[in-house]
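**Q** I'd like to go over a predicted model; first the sequence, then the structure.
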Amino acid sequence: MSNFRENLRRDGFVLQSLVSKDFKLKYRRSVLGVLWSVLNPLLMMIVLSAVFSFVFQRDIDNFPLYLILGQTVFNFMITSTTSSMTSIIDASSLIKKIRINKTLFPLEKVAFEVLNFAISLIAVVMVMVYFKVMPTVSILFLPLLLIYLVFFCAGLCLLLSSLAVFFRDVIHLWTVVTLAWMYVTPIFYPYDILPEFMQSIMQFNPMYHFVTYFREIALWHVIPSLERNLVCLGCAVIMFALGMFVFRKLQKRFILYV
C-alpha cells in the first residue's frame with residue numbers, strides 16, 4: 001500500500017512537471033500568452049461563421065455559438081491526440097535512462113489540453129453573453145461531459161502514441177483522419193441536413209455525441225438523456241480500455257524503436 005502511494009505521488013509530480021513545461025513552452029516569447037487560448041476559438045468562429053452563416057444561419061439559431069461549442073470539443077480531441085502521438089518518441093532519451101511510468105507522457109498531453117479547454121471556455125462564455133444565451137441548470141453537466149471526453153481522448157492518445165513508435169506513418173495518416181472526421185461530424189452544419197443513412201451512421205461517431213452533449217447543455221438548455229450519457233460513457237470506457245491494453249502490450253518494446 002505504501003509503495004502504491006509513493007508511486008502515485010511520484011507520478012503526480014512528474015505529470016505536473018510535464019504539464020508545467022508544456023505550458024511554459026507553448027506561451028514562451030508570446031506577447032499575448034495564454035490569451036491565445038481564448039482568441040484562437042473566437043477567431044476561428046468568426047472566420048467560419050462568415051463563410052457558412054449565409055448557408056446555415058436560417059437553419060441554426062445562434063449559429064456562431066453553435067459553431068464554437070462544436071469547435072471547442074472537437075479541438076480538444078485533435079490537439080490532445082496530435083501532440084500525444086510523438087510523446088513517447090520525444091521522450092526517448094528519458095525512457096532509455098530511467099525507469100518511469102510511460103503512460104504519463106501521452107496522458108500529460110490530455111491533462112495539458114484540459115487546462116487549455118478550461119481557458120477556451122472563456123471564449124464560449126463571451127459568445128453566450130453576446131447572444132444573450134444564459135446558462136441554466138443543464139450546464140451543471142459540463143464536468144460530466146469533460147470526464148467522458150478526457151477518458152475517450154486518453155484512450156485514443158495511448159493507442160496512437162504506442163502505434164506511432166512502430167509505425168511512423170500513423171503520425172502523417174492521423175492528420176488526414178482527423179480532417180475527414182471533422183467534416184463528417186456536424187460541426188458547422190446541422191445534423192438534420194444529412195440523409196437518413198448518414199444519420200444512422202452518425203450514431204457510431206463518438207465525437208458527434210460529445211459535441212451534441214455540449215450543445216444540449218449550453219445552447220439548447222436540455223438535460224442530456226440517460227441514453228446520451230450511456231453512449232458517451234460507453235465510448236469513453238471502451239476507448240480507454242482499448243488504448244491502455246494496446247499500450248501495456250507494446251510498451252516493453254518501445255526502447256528498441258524510439
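**A** In hand now; what should we look at?

**Q** Could you report the neighbour count for residue 146?
**A** 18 (other CB atoms under 10 Å). (Glycine included, C-beta is placed from N, CA and C.)

**Q** My read is that it contacts residue 114, right?
**A** Yes. In this structure, residue 146 sits in contact with residue 114. The criterion is CB atoms under 8 Å, and the distance is 7.2 Å.

**Q** Can you check the pLDDT for residue 46?
**A** The predicted local distance difference test score for residue 46 is 74.

**Q** Which residues are in contact with it?
**A** Residues in contact with residue 46 (CB atoms under 8 Å, 6 or more residues apart in numbering) are residue 64.

**Q** now it, what's its secondary structure?
**A** Secondary structure of residue 46, reduced to three states by DSSP: H, G, I helix; E, B strand; the rest coil: helix.

**Q** Test my guess that residue 223 contacts residue 229.
**A** No. Judged on CB under 8 Å, residue 223 makes no contact with residue 229 at a distance of 9.7 Å.

**Q** Those two: which is more packed in?
**A** With other CB under 10 Å as the criterion, residue 223 and residue 229 differ in neighbour count, and residue 229 comes out ahead with 17 against 14.

**Q** where does the chain dip in pLDDT?
**A** Within the chain, the stretches falling below the threshold (pLDDT under 70) are 1-5, 7, 11, 23-24, 26-34, 36-37, 39, 50-59.

**Q** Can you point out the buried residues in the host helix or strand of residue 200?
**A** For residue 200, the element it lies in under DSSP states H and E is helix 196-202. Within helix 196-202, the residues that qualify as buried by neighbour count (16 or more other CB atoms under 10 Å) are residue 202.

**Q** Check which helices and strands whatever helix or strand comes next after that helix sits against.
**A** Later in the chain than helix 196-202, the nearest helix or strand by DSSP H and E is helix 206-218. In this structure, helix 206-218 packs against helix 63-84, helix 142-166, helix 226-250, with contacts taken as 3 or more CB pairs under 8 Å, 6 or more residues apart in numbering; DSSP states H and E.

**Q** Among the ones you listed, single out whichever gets nearest to residue 18.
**A** Set against residue 18 and scored by CB to CB, these come closest in helix 63-84, at 11.5 Å.
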